[in-house]
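[1] Predicted structure and sequence below. I'll ask about it afterward.
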Amino acid sequence: MLRAAPREHGGSALSEADLQALGWSAGEAEAILRALGYAPVRTPRPGEPTLWRRRQQRPEPAPRPARPDSPFAALSALSPPAPADRKRPRRRRSGRKPPRAAQA
């Protein structure tokens, strides 16, 4: 419904009719739209619906290349490679207990 709504000031508005058709209150609509990645464009004026726009996704920063002249690079060349991860033993089931020795 937001995509079909006319654009105003860089955002789209959900009208009261749209909210009633969805069965949402104004508070529910705000929580749902925020969870979907929408943000209010500006503070709504009294009697006007809130304008919503999609938040821009931030690009992930590129990983930094390793510096070969770093003292840590020289240290890593001297240290042996890390051992491979081994499987952890299974935990005992909580319902089963080992048998107890008879008490005398």
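    Cool, the structure landed.

[2] Please make it C-alpha for all contacts and neighbour counts, starting now.
    Noted.

[3] show me where pLDDT drops low in the chain?
    1-10, 94-104 (pLDDT under 70).

[4] remind me, longest helix of it?
    The residue-count maximum for a helix in the chain (DSSP state H) belongs to helix 26-35.

[5] Just checking: what are the partner strands of the helix or strand following it?
    Sequence order places strand 38-40 as the next helix or strand after helix 26-35, per DSSP states H and E. Take DSSP bridges as the rule and strand 38-40 pairs in its sheet with strand 51-54 (antiparallel).

[6] buried stuff in the strand it pairs with?
    By 16 or more other CA atoms under 10 Å, the buried positions in strand 51-54 come out as Leu51, Trp52, Arg53, Arg54.

[7] Which parts of the chain are helices?
    Under DSSP H, the chain gives helices at 16-22, 26-35, 71-78.

[8] nearest to Arg92, of these?
    Set against Arg92 and scored by CA to CA, the helices of the chain come closest in helix 71-78, at 38.6 Å.

[9] Mind listing residues that contact that closest one?
    Arg67, Pro68 (CA atoms under 8 Å, 6 or more residues apart in numbering).

[10] Offset the numbering so it begins at 29, please.
    Sure thing, new numbering starts at 29, so read that last one as helix 99-106.

[11] Just give the number of residues close to the closest residue to Pro72 other than its chain neighbours.
    Nearest residue to Pro72, sequence neighbours excluded (CA to CA, 6 or more residues apart in numbering): Thr78, at 5.1 Å. For Thr78, the count of nearby residues is 20 (other CA atoms under 10 Å).

[12] now Thr78: how far from Gln84?
    Counting by CA to CA, to the nearest Å, the gap from Thr78 to Gln84 is 19 Å.

[13] Also Arg121?
    In terms of CA to CA, Arg121 sits 47 Å off from Gln84.

[14] mind checking the end-to-end distance for stretch 88-96?
    24 Å.

[15] Check the offset of that stretch from the chain's centre.
    Computed by CA atoms, centre = their mean, to the nearest Å, the chain-centroid distance of stretch 88-96 equals 24 Å.

[16] can you check stretch 52-67 too?
    With CA atoms, centre = their mean as the basis, stretch 52-67 stands 16 Å off its chain's centre.
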